[in-house]
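Colleague: Would you be able to build a 3D model of this:
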Amino acid sequence: MKIFLSTDMEGTAGVVDWSQCRGPGPEYEYYRGQLQAEVNAAIDGALAAGGTEFLVNDSHSTMQNLRPDELHGRASYLSGKHKPLYMMQGLDDSFDAAFFVSYHGSAGSTSSVLHHTYNPRAIAEVRLNGAITGEAGINALVALAYGVPVVLISGDRVTIDEAQAFCPEIESVVVKDSVSHNAALSVHPERARELIHDGARRALARLSDIRLPSIPLPAELTVRFHNGAFAELACELRGVQRREEKVVALHNDDPLQLYRTFIATVLLSRGVSE
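Modeller: Numbering: from 1, shown residues only. Sure thing, here's the model as predicted:
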């Protein structure tokens, strides 16, 4: 049983501030260890349910947060900042299931700790087929394209609620409840690891009952930027249409191509905002 694991960092139990998930610094070093432990808990739970092969895509910030020699399950490790499929690089139709570990809420959700969608400096909100989505829903487009069910997600409660709109049968692990953008009530790290382990085991135990992401095709992503300059630039890409001064729409019957176009808009906006 082959498992793809995409990991962010803001959804880790205890993380509430950018200094905790951006290095260098002692806070970052501590919390990258907590992230590593949560990733390993997911792998261990999958191993207990029959998982045999793992690919971990380090998808946070510089995408080199984990220590490959400390990954359980002899997992392959995909790291590095430029990936054409970004958080979903490495996924293909040979995988049986996908895990999303330490994910966070969307830019459109003001109640999730450290909420954003891909580029917080440029993107104010993303909607998928009219519903606000975070990175989990957007990334599920790639899973849909390859016929791989997304079976596990961990993070705060807002993140789980947003993901369930597109992956209704997903095994959901809440490790913290957000109080504000920079505050959350987290379970103890050991408890977080137990919950993630058990969630991964349950997810694979009922794998045959979990359907592919529920995203009707053709699908549409609408992106609201913080200012019109980003929207104007995005319209230089094929298939991107201006809807309002700050809003563009991406429409495609191929979920993989829709995702690729979205990532292109992100990379363009990042080049300008940075």
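Colleague: For A205, which non-adjacent residue is spatially closest?
Modeller: The shortest distance from A205 to any residue that is not its chain neighbour, by CB to CB, 6 or more residues apart in numbering, is 5.3 Å, and that residue is A49. C-beta: built from backbone N, CA, C; applies to glycine.
Colleague: Can you give me the neighbour number for the one you found?
Modeller: Around A49 there are 17 other residues, counting by other CB atoms under 10 Å.
Colleague: How about Q34?
Modeller: Taking other CB under 10 Å as the criterion, the count of residues near Q34 is 21.
Colleague: Also the one 4 residues further on?
Modeller: The burial count assigned to E38 is 26, neighbours taken as other CB under 10 Å.
Colleague: Test my guess that V150 contacts P213.
Modeller: Yes. The criterion here is CB atoms under 8 Å, and V150 meets it with P213 at 6.0 Å.
Colleague: higher neighbour count, the two?
Modeller: Under the neighbour definition other CB under 10 Å, V150 and P213 were set side by side, and V150 has more, 28 against 25.
Colleague: Could you list which residues are in contact with that one?
Modeller: By CB atoms under 8 Å, 6 or more residues apart in numbering, the contact set of V150 is 97-100, 136, 139-140, 143, 163, 167, 170, 213.
Colleague: Any figure for the gap between it and S19?
Modeller: Distance of V150 to S19, computed by CB to CB, to the nearest Å: 30 Å.
Colleague: Likewise for S76?
Modeller: 30 Å.
Colleague: cool, and H197?
Modeller: H197 is 28 Å from S19, where distance means CB to CB.
Colleague: More neighbours: which of those two?
Modeller: Neighbour count, other CB under 10 Å: between H197 and S19, H197 has more, with 21 against 13.
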